[in-house]
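**Student:** Pasting the sequence and the predicted coordinates here, then a few questions.
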Amino acid sequence: MVILDMFNAMAKGTGLANFTPAHIIMICSGALFIWLGIKKKFEPFLLAPLGIGCILVNVPGTGLMDPGGLLYYNYKGITEVVYPPLIFLGVGAMIDFGPLIANPSTIILGAAAHLGIFIALVGAKLIGFNIAEACAIGIIGGADGPMAIYVTTKLAPHLLGPVAVAAYSYMALLPLIQPPIMKLIVPEKERKIAMATLRPVSKREKVIFPVMMILLVLILLPPIAPLISCLMLGNMIRESGVMERVANTLGGVFLDIVTVFIAVAIGTTMSAENFVNVQTLKIVVLGLIAFAFGTASGLLWARLMCWVTKGKINPLIGSAGIAAVPMAARVSHNVGMEANKHSYLIMHAMGPNLAGVLGTAVAGGIMLTLVGVLK
Amino acid sequence: MNIIQDTIAGALMLSVFDFIACFFVLYFIGFFIKMLPLLNRNKKDDKRV
């Protein structure tokens, strides 16, 4: 009898006894993310660890997410808003704002491509979310993972899981989402436009730019200080030219490691108990709507700029205004190359792409200010 | 107290205001970026980094 009781206790202590269909659905979702990351190479740094996090949290009885568990502390990196500024620090050290400085007129595409945020916001309100939740859902359309996490943590922390998963998944799947919309909105004649080479940008301009941005953005929108100040600090380290080793580490290994940590943390938000419900489905659909409308509005505004400049601007760079640095710029470049093999849009698309980061920050900052977080 | 009401009208108002404000703020930032070349005082500064 004692032996039987021991076997019984053992069986109850394993994950098998507590598995539900929802756990199996989520483990399959985790496996799908890993497959997309490794086999399809859609942002493997994001999707593979995200899938691992998803699987780990859906094996019952491990206690990894309980206080004291390994993943519990990793998840604190999101809830205590540690990882998003660190990601921005690395991104700042990685990116060159030269294309934006060389062609500042494209900065406006960073605003135009954010119509999706507001369509999703109103849509979320219409289907029953409160205004703070609607803002958190809308910011998915900013295609900026750290900013989505930051705004959601402040406005609707209970939605962090689905919002972060939707934001990061759609960013990784941008090469699938954007090209059909781009080909639908921009006629082939305009897709073939080859843009003139950008002017060289001096070191002096590049070093002063981050300091100027810190002052301008923080004076206008203090709620986003943690993210923008880290982004610009990283960029100043890069452009100063006297901290090359630090800049290379921040924009390389450091950024990759923090991305892995944040992706695992996002994956751990996908527990069957919190994730398999109609609300998650609504958020995922609204996120896709936000991405699609943001892409479309950026392209339409860029078509307007193309018309005003008499064909000097290839409208394909408009979709890069959605942010998602540098994926969206790469998509613009690749679709442009399909139409004209002599059209190199990557640097031209980086201008609106970087402006998209600023645009998302501005949109998020205004939401945080007006929806009462600073009360 | 929240400035924006938790209604559909509030969501619409926030969306329109935020969207337009994004244009103004980015245009404002763009204006300052356009001024950056004025800081180049000589040919040495103009070299590509």
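**Tutor:** Received the coordinates, thanks. Residues are numbered from 1 along each chain as shown, chains lettered A, B, ... in the order given.

**Student:** going forward, measure contacts between C-alpha atoms and count neighbours the same way
**Tutor:** Fine.

**Student:** mind checking how far the residue in the stretch 201-350 of chain A that chain B sits nearest to is from A:Asp96?
**Tutor:** Closest to chain B within the stretch 201-350 of chain A is A:Ser202: 4.7 Å, counting by Cα to the nearest Cα. From A:Ser202 across to A:Asp96, the span is 12 Å (Cα to Cα, to the nearest Å).

**Student:** higher neighbour count, these two?
**Tutor:** Between A:Ser202 and A:Asp96, counting by other Cα atoms under 10 Å in any protein chain shown, A:Ser202 is the more crowded of the two (22 against 18).

**Student:** any idea which helix or strand carries the residue most central in space within chain B?
**Tutor:** For chain B, the residue nearest the mean C-alpha position is B:Leu26 (1.9 Å; Cα atoms, centre = their mean). Under the criterion of DSSP states H and E, B:Leu26 resides in helix B:8-35.

**Student:** counting contacts, what elements does the helix or strand that A:Gly359 is a member of pack onto?
**Tutor:** Element membership of A:Gly359, judged by DSSP H and E, is helix A:346-370. Using 3 or more Cα pairs under 8 Å, 6 or more residues apart in numbering or on different chains; DSSP states H and E, the elements in contact with helix A:346-370 are helix A:98-102, helix A:109-112, helix A:145-155, helix A:327-339, helix B:8-35.

**Student:** Pick the most buried one from the ones you listed.
**Tutor:** helix A:109-112 (a mean of 32; mean count of other Cα atoms under 10 Å in any protein chain shown).

**Student:** quick one: average pLDDT of the helix or strand just after that helix?
**Tutor:** Counting by DSSP H and E, the element after helix A:109-112 in chain order, helix or strand, is helix A:115-126. For helix A:115-126, mean pLDDT is 96.

**Student:** Would you mind naming what in the stretch 251-375 of chain A lies close to chain B?
**Tutor:** Within reach of chain B by Cα under 8 Å from any Cα of the partner chain, the stretch 251-375 of chain A has these residues: A:Ala355, A:Leu358, A:Gly359, A:Val362, A:Ala363, A:Ile366, A:Met367, A:Leu370, A:Val371, A:Gly372, A:Lys375.

**Student:** buried subset of these?
**Tutor:** Among these, those classed as buried by neighbour count (16 or more other Cα atoms under 10 Å in any protein chain shown) are A:Ala355, A:Leu358, A:Gly359, A:Val362, A:Ala363, A:Ile366, A:Met367, A:Leu370, A:Val371.

**Student:** can I get these in a markdown table with pLDDT?
**Tutor:** Below are these laid out as a markdown table (pLDDT from 0 to 100):
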| residue | pLDDT |
| --- | --- |
| A:Ala355 | 92 |
| A:Leu358 | 90 |
| A:Gly359 | 93 |
| A:Val362 | 91 |
| A:Ala363 | 93 |
| A:Ile366 | 91 |
| A:Met367 | 93 |
| A:Leu370 | 90 |
| A:Val371 | 88 |
